[in-house]
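>>> Coordinates only, no sequence provided:
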């Protein structure tokens, strides 16, 4: 499969093979006014594929001027420190709550290791620090002029406390990171990515409302590609966040263990996915994009914070 798809005159999406699968991790390239920007460049394990995609699109790594992160999770920004070695002009733009963890990723690596354990190296590779002087911090309501586009920065917590989206008012395109969920090509299904430690449903619902009020014409997801019915998609994600949360809460109240809840959630949801996809192949791709174990861990931590006495005492 091609490494990069041209979406418009100045916009491309990269397809970075991840653990042997296509259409899981998809950075976006913006070009214009002698600038070249990458949104959510991906982990270190996909850096060679990203460099190949840049060249396939007609660019060289040395031309990259901006790297924009919707948030700093490893599948979105884990390879940034490595990329900078071949991108001497690139400046990094992330929310102020995420920036310190790029400069010193020690605590972030420790937190991720609790989730991924011995898979850390295989999934993400080396996570190198990013020099402080190359980072620009973002806050809600800022405007970036990047590669000929005027991008509004909107703070959208819920999935992560350092999550933002970038909205191009002129084109109607909203680069949504993970706050708009996971939606893989050719399958009419949206899945909520709910990792610990930052999951907060109230914040997430407010972020979904904020996105709707922007009236985007389409959403560009990191996992994976364009969604052309934003309002319907957002409401389907909201419904999934609620029903999955209630399912897990009910299992907790029934005294089920984390491992039992994970298997219960898989058994409850996978038949719908297979029916919509017409194949079980989609299950591996979705698990790579946002796995069940991480999903359950996120909800368990959330409910523990929200109802520590009545739920998880």
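Yes, it's here. Just so we're clear, the structure is a prediction, and the values are computed from it rather than from any experiment.

>>> Where do the strands of the stretch 201-313 of the chain begin and end?
218-221, 225-227 (DSSP state E, counting those that start in this stretch).

>>> Out of these, flag the one nearest residue 264.
strand 218-221 (27.2 Å; CB to CB). Glycine gets a C-beta too; all of them are placed from N, C-alpha and C.

>>> If you count contacts, what does the closest one end up packed against?
Here strand 218-221 touches strand 173-177, strand 225-227, helix 230-253, going by 3 or more CB pairs under 8 Å, 6 or more residues apart in numbering; DSSP states H and E.

>>> Mean pLDDT per helix and strand in this structure: which one sits at the bottom?
The helix or strand of the chain with the lowest confidence, counting by mean pLDDT, DSSP states H and E, is helix 106-116 at a mean of 89.

>>> Leaving out chain neighbours, which residue sits closest to residue 140?
Once flanking residues are discounted, residue 140 sits nearest to residue 155: 3.6 Å by CB to CB, 6 or more residues apart in numbering.

>>> ok so, going back, could you single out the most deeply buried of the helices and strands packed on strand 218-221?
strand 173-177 (a mean of 25; mean count of other CB atoms under 10 Å).

>>> Next, count neighbours for residue 24.
Using other CB atoms under 10 Å, residue 24 has 26 other residues around it.

>>> what sits against it?
Each residue near residue 24 by CB atoms under 8 Å, 6 or more residues apart in numbering is listed here: 16-18, 184, 223-224, 285, 288-289.

>>> That one should be in a strand, yeah?
Yes - counting by DSSP: H, G, I helix; E, B strand; the rest coil, residue 24 is part of a strand.

>>> Nearest spatial neighbour of it, chain-adjacent residues omitted?
residue 18 (4.3 Å).

>>> Was I right to think the residue nearest to residue 140 contacts residue 137?
No - using CB atoms under 8 Å as the test, residue 155 is too far from residue 137 to be in contact (11.9 Å).

>>> Please state the offset of the least confident helix or strand of the chain from the chain centre?
Offset of helix 106-116 from its chain centre (CA atoms, centre = their mean, to the nearest Å): 17 Å.

>>> buried sites along the following helix or strand past that helix?
Downstream of helix 106-116, the first helix or strand assigned by DSSP states H and E is helix 120-124. Neighbour counts over helix 120-124 (16 or more other CB atoms under 10 Å) mark 120, 123-124 as buried.

>>> Determine the set of other helices and strands touching helix 120-124.
With 3+ CB pairs under 8 Å, 6+ apart as the test, helix 120-124 has helix 74-77, helix 106-116 packed against it.

>>> So which residues make contact with the helix or strand that the shortest one is followed by?
To tie it back to what came earlier, the one meant is helix 74-77. Remark: after helix 74-77, the chain's next helix or strand is helix 80-83, criterion DSSP H and E. Outside of helix 80-83, the residues within contact range by CB under 8 Å, 6+ apart are 41, 44, 47, 50, 61, 64, 67, 69, 90, 92, 102, 105, 125-130.
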